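Asks: What follows is a predicted structure for the sequence shown.
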Amino acid sequence: MASFEVLLGLPPYGPMAKPFPASGYGAFREGFVVQFESKKISKWVGNFQLGHTSFSGAYDHPDGRRVLVVAGGAVYTVDPDTQIAEESGGMVSSVTHVSEGNALLFNDIFYLSFIGPDRNWQTERLSWDGIRNLSISGNFVVGEGWRYDDTWHEFSVSLTNGSHTGGAYDESEFVPIKRPWWQFWK
């Protein structure tokens, strides 16, 4: 397992923290700060720019080598040995450890994602804007998805493959706009 520690802020001394994303966007703003240590590189600090939720955390990747960093909902997959992080966006609002197989379950407001050592999946959309009351029962995740009429609808998701029943999002109710948005202002 990789060695890492969440810091309360940027260190006032030592080498400058490496900014993520690599494009340098927000490089001079303090984000979610994590210190890494690897066998190939001494300790180094990453400064991860925040996404659009209030949730942050750092987790061992199920592969045992990398680290998953969630910074304000944005997900970064970090290789501590190379100091490279891939950003996969997202609006993660919680992460749940799944004891079977050292896996992680991500609540991304609209859908759930599962990362395990032998399988990964993402559900179809379960909610219009929010998922709550998640719990694991046997080989299933159960919870509720929010619907635009301010009601909550139960769903059940298989931990094996991400297939689901229930939920609050019904694509047949979505009516696409037939004109581009800018034509509404003419």
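Replies: In hand now; what should we look at?
Asks: can you list the domains in the chain?
Replies: 1-90, 93-186 (automatic domain parsing).
Asks: what's the distance between the last one and the middle of its chain?
Replies: Meaning domain 93-186. 13 Å (Cα atoms, centre = their mean, to the nearest Å).
Asks: avg pLDDT for it?
Replies: Average pLDDT, domain 93-186: 86.
Asks: Over to the shortest one?
Replies: Domain 1-90 carries an average pLDDT of 91.
Asks: Output the contacting helices and strands for the helix or strand harbouring residue 132.
Replies: Per DSSP states H and E: residue 132 is located in strand 131-137. Where contact means 3 or more Cβ pairs under 8 Å, 6 or more residues apart in numbering; DSSP states H and E, strand 131-137 is packed against strand 94-98, strand 103-107, strand 140-147. Heads up, the C-betas are built off the backbone N, CA and C, glycines and all.
Asks: go again using 6 Å as the cut-off
Replies: In terms of contacts (3 or more Cβ pairs under 6 Å, 6 or more residues apart in numbering; DSSP states H and E), strand 131-137 is packed against strand 140-147.
Asks: So which bits of the strand it packs on are buried?
Replies: Burial within strand 140-147, assessed by neighbour count using 16 or more other Cβ atoms under 10 Å, is assigned to 141, 143, 144, 145, 146, 147.
Asks: Repeat that for stretch 69-77.
Replies: In stretch 69-77, counting by 16+ other Cβ under 10 Å, buried: 69, 70, 71, 72, 73, 74, 75, 76, 77.
Asks: and it, how far apart are its ends?
Replies: The stretch stretch 69-77 measures 6 Å between its terminal residues, going by Cα to Cα, to the nearest Å.
Asks: What strands flank the strand holding residue 132, and is each parallel or antiparallel?
Replies: Paired strands of strand 131-137, with direction, are strand 140-147 (antiparallel) (DSSP bridges).
Asks: Provide the contact partners of whatever helix or strand comes next after the strand it pairs with at residue level.
Replies: Next helix or strand after strand 140-147 toward the C-terminus (DSSP H and E): strand 151-158. By Cβ atoms under 6 Å, 6 or more residues apart in numbering, the surrounding residues in contact with strand 151-158 are 112, 123, 126, 140-142, 144-147, 164-168.
Asks: what sits against residue 12?
Replies: Per Cβ under 6 Å, 6+ apart, neighbours of residue 12: none.
Asks: Would you mind finding the most buried of the domains of the chain?
Replies: For the domains of the chain, the largest average neighbour count (mean count of other Cβ atoms under 10 Å) is found in domain 1-90, namely a mean of 17.
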